[in-house]
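Visitor: take this sequence and fold it.
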Amino acid sequence: MFLFVLTRILGKKQISQLTFFEYVIGITLGDLAGNISTDVEANYVHGVIAILVWVLVPFVLEIFTLKSKTLRLWFEGNGRVLIKDGKILEGNLKKERYTGDELLEQLRTKGVFRVADVEFAMLESSGDLSILLKTENQPLTPKHIGLKKVIEKPTQAVIMDGVIQNEPLAAAGKGRGWLQMELEKLGVAKENVFLGQVDTDGQLTVDLFDDKLVIPASTERPAVLACLKKCEADLELYSLTTQNAKAKQLYETCSIQLTQVIQQVHTILRA
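Guide: Prediction:
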């Protein structure tokens with residue numbers, strides 16, 4: 001309990017990727033705690049004092065390193081570029097005592113299997129490899145294809161072990177009435193639901209206790225998309241068949257506006 005409390009004081013860095021100094025501190029604290037636990041004949045107060053000293057030193061140093069970049073570089077080290085413009089920097093690789101096999105292994109853990117696809121790769125002071133892919137190899141984003149940015153909301157677990165969770169349900173902006181209606185559409189009772197989640201778009205997905213039961217896929221969104229496309233086709237047809245110039249212009253304008261709306265919501269409604 002004592003060691004746990006002190007580790008909480010030192011912060012989350014102690015359980016993340018460790019720097020050289022944090023690595024030494026962690027080993028020392030573990031060794032001191034082990035000696036106190038096993039050496040019953042020794043005075044445990046001395047061990048507790050030693051632990052307090054080894055906690056106080058990094059805690060004070062961390063305060064100083066927040067204000068001094070020189071101290072941060074000295075205690076935490078500095079990153080080093082290993083790949084630039086798709087080419088491995090062998091000199092930096094040797095300085096870090098990194099082999100080609102180790103570099104390839106680190107790349108594979110990041111889902112990269114070809115060095116030529118990497119624009120920039122840096123070995124951080126924590127030992128982790130940060131990678132920037134070349135533009136043509138980066139994942140496609142909504143910005144690349146001109147889609148309007150949608151604010152993502154966290155998925156809320158509204159049902160857990162067959163029990164409705166009121167706080168997540170309220171966070172999702174839904175009520176019990178809506179939830180009951182959605183469950184009726186799926187043809188399941190809340191008592192049979194192990195986990196129910198509401199996603200960013202407000203759609204309910206459930207996982208049942210009985211994995212053999214098949215939940216029918218929702219057809220609401222595809223139906224809305226089909227209805228919009230039908231309206232678009234009707235407007236185009238009306239613009240072709242009418243003899244009134246003003247009506248023709250009105251139908252064409254509405255058709256163009258509806259086409260733009262369909263392009264904006266097509267990805268969402270197709271899911």
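Visitor: buried set for the helix or strand where I131 lies?
Guide: Element membership for I131, per DSSP states H and E: strand 129-133. Buried residues in strand 129-133, counted by 16 or more other C-beta atoms under 10 Å: L129, I131, L133. Every residue, glycine included, has its C-beta placed from N, CA and C.
Visitor: check the offset of that strand from the chain's centre.
Guide: 17 Å (C-alpha atoms, centre = their mean, to the nearest Å).
Visitor: what lines up beside it in the sheet?
Guide: Here strand 129-133 is paired, per DSSP bridges, with strand 118-123 (antiparallel).
Visitor: point out where the stretch 101-250 of the chain drops to low pLDDT.
Guide: Along the stretch 101-250 of the chain, the model assigns pLDDT under 70 to residues 145, 147-152, 216-219.
Visitor: in it, which spans are strands?
Guide: Along the stretch 101-250 of the chain, the segments classed as strands by DSSP state E, counting those that start in this stretch run 118-123, 129-133, 156-160, 163-164, 193-198, 204-208.
Visitor: G47 is nearest to which of the ones you listed?
Guide: Closest to G47 of those, according to C-beta to C-beta: strand 118-123, at 36.7 Å.
Visitor: quick one: list the elements packing against the longest helix seen in the chain.
Guide: As assigned by DSSP state H, the longest helix anywhere in the chain is helix 245-270. Applying 3 or more C-beta pairs under 8 Å, 6 or more residues apart in numbering; DSSP states H and E, one finds that helix 245-270 contacts helix 220-241.
Visitor: the helix it packs on: how far from the chain's middle?
Guide: 37 Å.
Visitor: same check on stretch 159-169?
Guide: With C-alpha atoms, centre = their mean, you get 23 Å for stretch 159-169.
Visitor: buried stuff in that stretch?
Guide: Neighbour-count burial for stretch 159-169, counted by 16+ other C-beta under 10 Å, picks out I159, I164, Q165, P168, L169.
Visitor: can you give me the helices for the stretch 51-200 of the chain?
Guide: All helices of the stretch 51-200 of the chain, identified by DSSP state H, counting those that start in this stretch, fall at 69-76, 90-95, 100-109, 166-171, 176-186.
Visitor: mind putting the buried residues of strand 129-133 into JSON lines with distance to Q203?
Guide: Output for the buried residues of strand 129-133, formatted as JSON lines (distance: C-beta to C-beta, whole Å):
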{"residue": "L129", "distance to Q203": "37"}
{"residue": "I131", "distance to Q203": "34"}
{"residue": "L133", "distance to Q203": "32"}
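Visitor: that's all I had, so thanks and see you.
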